[in-house]
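[1] The following comprises the amino acid sequence and a computationally predicted model.
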Amino acid sequence: MDQGNPEVETDFLLYTREQFLTLRRATIATSIIALVASLIVLCSFLYLWLMDRKRANRISLRCVVIACAANGVDSIMNLSMSFVEGPQSFCRAGGIISNISRLTSASFLAIVGINLVLIFVINVKRRDLLEYFYYPSVILYVLVCTVVSVYKAVTAENVPQPHDTCWYLTYIIQRSYAIFSWMWYYGFLFFINILAGISSAIALYKLIHEQRALRKNIDNTTYMGEASTNQIGSRIQRRHSAILSKVVTRCIIYPLIPLLVNIWGFGIQMMMTVSNSPPPFILAMFDTVFACLEGFFVLIVFFTDPALTAFLDDRLQYWRKIYVEEYHLVEIRNDSSTEAEKKEEKTHTLYIMPPVDALRGENAAKWDSAVIHANATSRYSGTTHSSVPMRRIGIPPSSLAQLSSHYNVRQLSFCTLPTTTTSSSDAGKTTANDDQPSPTIQQLPTVNFDTGIRSLSAHSQENVIHVVFIPYKSALWARVCHHILSRLASGLFSPSSSRSAPRSSSTIELRSYANPPPLEPPLDSTSDNGNIDDNAPEGLQGESKERYRISVSDQTCHL
């Protein structure tokens, strides 16, 4: 642009240079926001498709995802045309691609409303065949609009301004040169939106009618004295009606988004066509912001889907379980292992604690109390041990045998338990005070994997639980997730009374030797009971039994 010539200050279709730069900055900012929103929707749907294909297998969700993909293409073209000066062939090609993307997005969002009428109102029986009809119809609809627009764009008069960007030439100046092309485009755009709006209104009318009928049925049941017998059924009906209302509301809003974002551009075109006068700057700004933010508006409605919100809540609860509740820092001391063995232990080794017998009650080993250092460097130097984040889970011997096929089972000869249990804060105070004596450590022998299972054959399999520490695949990722989920996102989760409190700051020491030292005689029940704090967590006896019904694949798929 010629910045030194003052005569060009109002050469931007009666817009000053400052106004032109404001429109350009607004285009770039809103296009970036819409592009990021479209990528979030695409990634979320892909993750939902991979993890729970049954929830993702819906026509409405697929149509919304295709519309978001088209919005992403439109955002990319807006960004490209904002940095390319015109006129040149790229300007016309970019404008055509952008208009095709907007019409494609509007068509697929309109299908959501049309599909709602066919299924919810007309009650089409072969619903599986509707999707095969939608896609060819949209392609044909967009193709008819594009052919005429391309022909008119090729034969239209060239724009002589060489200092304007492609975006400004296409969406502002060219409206006065290619009036027929723009009116043709808006005709197709608003026809599909009006059709979808009528469909949504019909579906809304039926929804209101069914809700009134349901309410009347419940009132009649209550009046006849059958409220006590049909109370559960009434609650189920109300819940089903609430979910259905959310789905229908979303299907009504989706077709209205293209109408909301394109009405401003249609007003500009009508003003330039009828009155042959330039549009006011405020109207051009509204058209720029709303047209470029279509992907962001779709993102807002997309994440209100009941199936998607339920899936995300399940995922967040599961991530909290594996990265907060089961997260432990395990201190491994290797006295004779090589560097290669140490590196492999951090990702491929499964550590087994002595089995916990439920018949022993309070005398069982409380591995939640196996905390001897809150600071990893308080007892040993960094060259003799390593602190590795691991998952602490409890599984029966049958599942332990399955896990042994995926991990190297580490035969530990020696583990430590404190004689007095202290909290993480108390342990930190102990390490900070050098004059305070360290707690006495008792030794508990581990059980060999093969002989241990055979020795437990006399007991019921339901009463024997192995405490297992499994390393995460990525220690850095585990630490980051633990930090975020335990501190920044704690308010997103509802507390569960059946889950034990997470020991996120504890450090458990596992020591292995090539030649294990002689084991001390096992302590009697009274000494065990005296050496373990009565206020310590109940361990595995107090945890919900449903925790151990999770399959091995569920336990290890997100490590």
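    Happy to help now that I have it.

[2] For the nearest residue to L204 once chain neighbours are set aside, give me its contacts.
    Leaving aside its sequence neighbours, L204 sits nearest to I252 (C-beta to C-beta, 6 or more residues apart in numbering; 5.9 Å). C-beta: built from backbone N, CA, C; applies to glycine. Counting by C-beta atoms under 8 Å, 6 or more residues apart in numbering, I252 touches G113, L116, S200, A201, A203, L204.

[3] On the secondary structure side, give me the element for I252.
    helix 231-270 (DSSP states H and E).

[4] average model confidence for that helix?
    Helix 231-270 carries an average pLDDT of 76.

[5] What of stretch 307-315?
    85.

[6] how near is S275 to S176?
    12 Å (C-beta to C-beta, to the nearest Å).

[7] higher neighbour count, those two?
    S176 (16 against 9; other C-beta atoms under 10 Å).

[8] If Y15 is in a bridge, with which residues?
    Y15 has these beta-bridge partners by DSSP bridges: F12.

[9] residues in contact with it?
    Here Y15 is in contact with L23, I172, P278, F281, A284 (C-beta under 8 Å, 6+ apart).

[10] Distance to S105 and pLDDT added to those residues, as a markdown table?
    Output for these, formatted as a markdown table (distance: C-beta to C-beta, whole Å; pLDDT from 0 to 100):
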| residue | distance to S105 | pLDDT |
| --- | --- | --- |
| L23 | 22 | 89 |
| I172 | 22 | 79 |
| P278 | 28 | 79 |
| F281 | 27 | 88 |
| A284 | 21 | 89 |
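
[11] so of the residues you listed, which ones are in helices?
    L23, F281, A284 (DSSP state H).

[12] Adding neighbour count and distance to R55 as columns, could you present these in JSON lines?
    Listed next are the ones in helices among the contacts of Y15 as JSON lines, based on neighbours: other C-beta atoms under 10 Å; distance: C-beta to C-beta, whole Å:
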{"residue": "L23", "neighbour count": "24", "distance to R55": "41"}
{"residue": "F281", "neighbour count": "15", "distance to R55": "46"}
{"residue": "A284", "neighbour count": "24", "distance to R55": "42"}
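
[13] and which of the contacts of I252 is nearest S38?
    G113 (20.5 Å; C-beta to C-beta).

[14] Next, count neighbours for that closest one.
    Neighbours of G113 (other C-beta under 10 Å): 28.

[15] ditto for Q88
    13.

[16] With the one 3 residues further on instead?
    The tally of other residues near C91 (other C-beta under 10 Å) stands at 23.

[17] how near is it to D52?
    For C91 relative to D52 (C-beta to C-beta), the value is 44 Å.

[18] Same check on G267?
    For G267 relative to D52 (C-beta to C-beta), the value is 43 Å.

[19] With F45 instead?
    Distance from F45 to D52, by C-beta to C-beta: 11 Å.

[20] go on, A153?
    From A153 to D52 the distance is 44 Å (C-beta to C-beta).

[21] In terms of neighbours, single out the busier of those two.
    Per other C-beta under 10 Å, whichever of A153 and D52 has more neighbours is A153, with 19 against 16.

[22] Now do that one against N99, distance only.
    Counting by C-beta to C-beta, the gap from A153 to N99 is 10 Å.

[23] ok, for N99, nearest residue in space, not its chain neighbours?
    Per C-beta to C-beta, 6+ apart, closest to N99 is Y185, 5.6 Å.

[24] what helix or strand is the one you found on?
    Using DSSP H and E, Y185 falls in helix 179-223.

[25] Domain-wise, how is this structure divided?
    16-197+255-306, 327-556 (automatic domain parsing).

[26] Which of those comes out lowest on mean pLDDT?
    When I compare those, domain 327-556 is least confident, with a mean of 51.

[27] Fine, thanks again, bye for now.
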